[in-house]
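Q: sequence first, predicted coordinates after that:
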Amino acid sequence: MKSDRSAALLLMGAAVLGLVLANSPLGSALLDFKHAYVGFESLGLKLSVEHWVSDLLLATFFLVAGLELKYEIASGVLSKPSTALVPILAGIGGVVFPAIIYVAFNWGTDYLVGWPIPTATDIAFALGVLAIFGRGLPKAARVFLLALAIFDDLVAILIIAIFYTTDVRIEWLLAAALVLAAHSVAERFNKLPINAVRVVTFLLVWYAVYQSGVHATIAGVALGLIIPAKRTHSLVLKIQPWTNTVSLPVFAFFAVAIALPTFDGAFSSVFTGIAIALPVGKILGITLLALLANKIASKEARLDLEPLDFAAIAGLAGVGFTVSLLMSNLAFSELPHVLAEATLAVITGSLLAMAFGAWLAQARGRYYMKKHREENAQ
């Protein structure tokens, strides 16, 4: 459960299973279950099974993202402007370039709302693929990918909160803020059963954020950011194995469990835009801006990575999967045919980016291992 490699394989396996079953003789029953409503009407929580997964279960993944972000801001790579320059500029490139490519393909159409879909990076999957194929790469490669993906998640969180939120109810956001403020005080008392308190706080904040109209996954990020930085690392070690082996695979299964429509030989601009923007936009944007940032950064802040190393990591960052699928659902939930194309495009684009990144990471790993052998032989 703690292995990055296992998490990546499990995530992909769950996605493949969902897609296969949804388009098999069992597809009708699976889709009926996926859209079945369960919950508590008196509390305003009558959601479909799919929404329970994407709103509540996925919030635990965003909790881990919030914890990692808090740690990196407090004492990690993002704690100093000098060390944060390279991953942040690279992250900006990895958001802007894919968005521009998508907009170029969809300008003048009703599908512009999907522009954020190819901007996301799947931390769990990218790190898993790096663990499988990146043996021999410098440690700076993993640090760069992690910081880049965390910054990318922060951007994704802001996009979801700003662009996919309607009819905000301020009173519920204030209620969430009060619960978070009370929890911040509780974190200072060592005698409290703090993990139980965190679970209760998570559920209360999630409920309040859900009722506010803001996407409920933001609750996980908010809680992660108020937990003291010195406690975040140990919490990530406890929670992440469960999000990697339960939350993300279950989400991937339901998100990709879509009956693919019959195509008449031509895909829409949504498919083309996402499928090209994810690999090409991420690789170009991250590589170019990382090289620029590494050149203008101070000597101490520069990463000991070569241009091809940045390109390999950029390819892995093009695996948008989890958050891209979430954004697809948010953008095109009212258009099933377009949602199916967007889902297929996310899978296609992520696979292309992953193939390029894995191939180049493995080649670069062999290069460094050969280089070390030659240095040791001298």
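A: Structure's in. What do you need? In this text the structure is predicted, and so the values were computed from the model without any measurement.

Q: tell me who's in contact with Val228.
A: Slight slip there: residue 228 is Pro, not Val. Going by CB atoms under 8 Å, 6 or more residues apart in numbering, Pro228 touches Glu187. Using the backbone N, CA and C atoms, a C-beta is placed for each residue, glycine as well.

Q: quick one, grab the pLDDT at it.
A: Predicted confidence (pLDDT) for Pro228: 88.

Q: cool, and Thr262?
A: 62.

Q: Ala216: what secondary structure?
A: Here Ala216 is recorded as coil under DSSP: H, G, I helix; E, B strand; the rest coil.

Q: burial count for it?
A: When neighbours are counted by other CB atoms under 10 Å, Ala216 registers 23.

Q: over to Leu326?
A: The burial count for Leu326: 26, using other CB under 10 Å.

Q: pLDDT below threshold where in this structure?
A: By pLDDT under 70, the weakly predicted segments of the chain are 1-2, 77-78, 166, 261-265.

Q: for the chain, which segments count as strands?
A: 37-40, 45-48 (DSSP state E).

Q: which of those strands is buried the deepest?
A: Ranked by mean neighbour count under mean count of other CB atoms under 10 Å, these are led by strand 45-48, which reaches a mean of 16.

Q: what lines up beside it in the sheet?
A: Note on strand 45-48: by DSSP bridges, its sheet partners are strand 37-40 (antiparallel).

Q: contacts for stretch 68-79?
A: Here stretch 68-79 has contacts from 83-84, 87-88, 123, 143, 146-147, 150-151, 153-154, 221, 224-225, 227, 229, 232-233, 236, using CB under 8 Å, 6+ apart.

Q: try 10 Å
A: Under the criterion CB atoms under 10 Å, 6 or more residues apart in numbering, residues 62, 83-84, 86-88, 123, 143-144, 146-151, 153-154, 157, 221, 224-233, 235-236, 240, 303 lie in contact with stretch 68-79.

Q: which helix is the longest one in the protein?
A: Ranked by residue count, the top helix of the chain under DSSP state H comes out as helix 336-377.

Q: now for that one, which elements pack on it?
A: helix 4-22, helix 123-133, helix 139-163, helix 248-256, helix 269-276, helix 282-296, helix 307-317, helix 321-332 (3 or more CB pairs under 10 Å, 6 or more residues apart in numbering; DSSP states H and E).

Q: would a markdown table of the strands of the chain with distance to Leu178 be doable?
A: Listed next are these as a markdown table, based on distance: least, CB to CB, whole Å:
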| stretch | distance to Leu178 |
| --- | --- |
| strand 37-40 | 22 |
| strand 45-48 | 20 |
